[in-house]
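**Q** Quick one: sequence plus predicted model below, questions after.
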Amino acid sequence: MKERVKSEYIIKKICEYFNVEEHLVFSKWRRNELVQARHYIIYYMYHYGETGNSPSRIRDVFKERGGISNHASVIYAVKRIEDDLS
């Protein structure tokens, strides 16, 4: 089985890539660059992260940091990035 990537590492690298501050990604702001970074974090956590394919575990990681509060948001973000990549 493939080793999973820690959530903190995914968050750090995506924030660096999009040049956004980590605390802003977990805010309620809906600026395009924040939303896009947030969606990519969720996508990578879902497919490669230690949380596995569990929307509720990803939601919990975000909830701990004051972010999204329901698993439907996680599912939407994953689907949106998969659509963008196809």
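**A** On my side now, so go ahead. Numbering: from 1, shown residues only.
**Q** Could you count how many residues lie near Phe62?
**A** 22 (other Cβ atoms under 10 Å). Yep, even glycine has a C-beta here, placed from its N, CA and C like the rest.
**Q** Please, which helix or strand holds the residue nearest to it when sequence neighbours are not counted?
**A** Distance criterion Cβ to Cβ, 6 or more residues apart in numbering; nearest residue to Phe62, sequence neighbours excluded, is Ile68 at 4.6 Å. Here Ile68 sits in a region with no helix or strand, counting by DSSP states H and E.
**Q** so what's Ile68 up against?
**A** 38, 59, 62, 74 (Cβ atoms under 8 Å, 6 or more residues apart in numbering).
**Q** Could you check how far it is from Glu3?
**A** When distance is defined by Cβ to Cβ, to the nearest Å, Ile68 is 26 Å away from Glu3.
**Q** go on, Val74?
**A** In terms of Cβ to Cβ, Val74 sits 22 Å off from Glu3.
**Q** Pick out whichever of these two has more residues nearby.
**A** The neighbour comparison of Val74 against Glu3 (other Cβ under 10 Å) goes to Val74, with 24 against 7.
**Q** hmm, who's touching whichever strand or helix holds the more buried one?
**A** Applying DSSP H and E as the criterion places Val74 in helix 71-85. Residues outside helix 71-85 that contact it (Cβ under 8 Å, 6+ apart): 38-40, 42-43, 46-47, 55-56, 58-59, 62, 68.
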